[in-house]
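[1] got a predicted model here, sequence first, then my questions.
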Amino acid sequence: MPHKDIDVPLTLPAITGLASSGGDETVNSALEFVRTHLGMEVAYLSEFVGDNLVFRAVSAPGFEELAFVGGTMPLDQVYCSHILAGRLPELIPDTDDEPLCAQIALTAAIPIKSHVSVPIRRPDGSAYGMFCCLSRTAKRDLTPRDLEVMRAFAGVSAEQVNSKMAERIAHDSTFGVINTLLTSRDFDVVYQPIMDAAARRPKGFEALCRFRGQPYRPPNLWFDDADTVGLQIDLEICVIEQALRALDHLPPSVYVAVNASPGTVASGRLSATFSPWPAERIVLEVTEHSMVADYDGLLSQLDVLRFRGVRLAVDDAGAGYSGLQHIVRLHPDIIKLDISLTSRIDEDVVRRSLGAALVRFAVEIGAAIVAEGIETEGELTTLHELGVPLAQGYFLGKPADLATAMAWFDDGRAQADLSA
């Protein structure tokens, strides 16, 4: 155990397995049980990190100065390597009976008079660390049955440790993939036209991301992975930065719409991201695929961006009650009718009625309407008759690269067939 008379190095960070904040509750309970069952003062679970032992979970009431989570000791100052090598037994009722114990300075420094320790092993059989109890008094009544109790609880703890390690390995792997993606920018931005429904000319383009990694995975899965490792905001910002470069190439009257989650908006980082570009040519679409955790923070940052001239769009209108609540809270400049509403709207009186109601609602709050997911002439005609001025969908143009988007404006007329 760490002690003022022992040369103890600085605390190491948690590498794998249990976090340094106190270990898993199952492990803590196991340590508490075996410590009290054996009548010992200190129980701990350790991890071997290089040439050091790191305490990952500890039960040592009244002896916290001797053992604490995150504390470290050189392996050559403790019993572990000797137990693993078979030079010391796992069960030592009285250290006076083991000559080797007297040669280890820690024995006298603590002092250690009884010691029980069994290895915690990884799935590949290698030693992760030790599950250990010790006492300042000899415990000659300890028996092999007590050792079996230790082994049983060490086994339970090993399951928890290995589960945590598997989670950490998966986390680190995902973090590495997303971090590499951020560095290499191994993705493409494509642009889907948002059309004037009457003139069938692009008024803007929605920027969408396509990741190059194989096998192909939908963009939402990449962003979900980024979210699990705390990199979603970084990835969204990276994509937005790339997308806005199109503004240098598109006509000054054309806008680019970019997507951001509520968390990215609330982070405050979009102000710097948007600052190099004309704000009046940026439309921010706030995606709502999970509960908004901080509406006040979101609204505060939206106020900043809109004051500078950025317009706000909200999608999924007509898709459900939560979408409508989102619209009411955000009071957007643009409302995007969801494909669940626009699909076959020319054939469904209920959809037409709801579409008409949303158009009236948009007029009342001074918002523009964009219909998403247009796939037929009938849908486009019906929506135009309902008063929807803007539309996007595969019928009008598929997402395509910037060169194809620019081709819409060659010679002042639409020459690119984005629906091909």
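    All right, it came through fine. In this text, all values refer to a predicted model and were calculated from it rather than measured experimentally.

[2] now do stretch 267-278: everything it contacts.
    Stretch 267-278 has contacts (CB atoms under 8 Å, 6 or more residues apart in numbering) with 233, 237, 240-241, 244, 247, 252, 260, 264, 282, 284, 301, 304-305, 308-310. Any C-beta I mention is one placed from the backbone N, CA and C, and that applies to glycine too.

[3] now, the residues you listed that are in helices?
    Members of the contacts of stretch 267-278 lying in helices (criterion: DSSP state H): 233, 237, 240-241, 244, 264, 301, 304-305.

[4] of all those, which comes closest to E90?
    Set against E90, the nearest of these by CB to CB is I233 (48.7 Å).

[5] I'd guessed the closest one sits against A266; true?
    No - using CB atoms under 8 Å, I233 makes no contact with A266, being 9.4 Å away.

[6] what about those two, which has more around it?
    Remark: of I233 and A266, A266 carries more neighbours, 22 against 19, as counted by other CB atoms under 10 Å.

[7] so S117 belongs to a strand, correct?
    Yes - applying DSSP: H, G, I helix; E, B strand; the rest coil, one finds S117 inside a strand.

[8] neighbours around T180, how many?
    As a burial measure, T180 scores 11 neighbours (other CB under 10 Å).

[9] err, V189, not the other one
    Neighbours of V189 (other CB under 10 Å): 22.

[10] F48: helix or strand, and which one exactly?
    For F48, the host element (DSSP states H and E) is strand 42-49.

[11] tell me the strands beside that strand, with direction?
    Here strand 42-49 is paired, per DSSP bridges, with strand 52-59 (antiparallel), strand 127-135 (antiparallel).

[12] got the contact list for the closest residue to L390 other than its chain neighbours?
    Sequence neighbours aside, V370 is the residue nearest to L390 in space, at 4.3 Å (criterion: CB to CB, 6 or more residues apart in numbering). Contacts for V370 (CB under 8 Å, 6+ apart) come out as 194, 313, 334-337, 388, 390-392.

[13] what helix or strand is V370 on?
    For V370, the host element (DSSP H and E) is strand 368-371.

[14] contacts only, for the closest residue to F211 other than its chain neighbours.
    Nearest in space to F211, with sequence neighbours left out and distances taken as CB to CB, 6+ apart, is F187 at 4.7 Å. Contacts for F187 (CB under 8 Å, 6+ apart) come out as 181, 209-212, 239, 242.

[15] in those, which residue is surrounded by the most others?
    With neighbours taken as other CB under 10 Å, the top of the contacts of F187 is V239, carrying 25 neighbours.

[16] before we move on, back to that, could you dump the strands paired with strand 42-49 to JSON lines with distance to S173?
    Output for those, formatted as JSON lines (distance: least, CB to CB, whole Å):
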{"stretch": "strand 52-59", "distance to S173": "22"}
{"stretch": "strand 127-135", "distance to S173": "19"}
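
[17] quick one: closest of the ones you listed to A166.
    Set against A166 and scored by CB to CB, these come closest in strand 127-135, at 12.3 Å.

[18] now that closest one: average pLDDT?
    Average pLDDT, strand 127-135: 94.

[19] return the distance of it from the chain's centre.
    Taking CA atoms, centre = their mean, to the nearest Å, one finds strand 127-135 lying 33 Å from the centre of the chain it belongs to.

[20] ok, then the element right after it?
    Note on strand 127-135: by DSSP H and E, the next helix or strand toward the C-terminus is helix 144-184.

[21] hmm, R35 is touching V58, no?
    No - look at R35 against V58 with CB under 8 Å: they stay out of range, at 9.8 Å.

[22] hey, what's in contact with both of the two?
    With CB under 8 Å, 6+ apart as the test, R35 and V58 both reach 42-43.

[23] more neighbours, those two?
    Taking other CB under 10 Å, R35 and V58 do not tie; V58 has more neighbours (26 against 21).

[24] so who does the more buried one touch?
    V58 makes contacts with 23, 31, 42-45, 67-69, as judged by CB under 8 Å, 6+ apart.

[25] show only the entries of the contacts of V370 found in strands.
    Residues of the contacts of V370 located in strands (DSSP state E): 194, 313, 334-337, 390-391.

[26] now the two most distant members of those residues.
    Longest distance between any two of the ones in strands among the contacts of V370 is 13.8 Å, between A313 and A391; criterion CB to CB.

[27] neighbour count winner among the two?
    The neighbour comparison of A313 against A391 (other CB under 10 Å) goes to A391, with 27 against 23.

[28] that one against L383, yeah?
    Yes - contact criterion CB under 8 Å: A391 and L383 qualify, at 6.2 Å.
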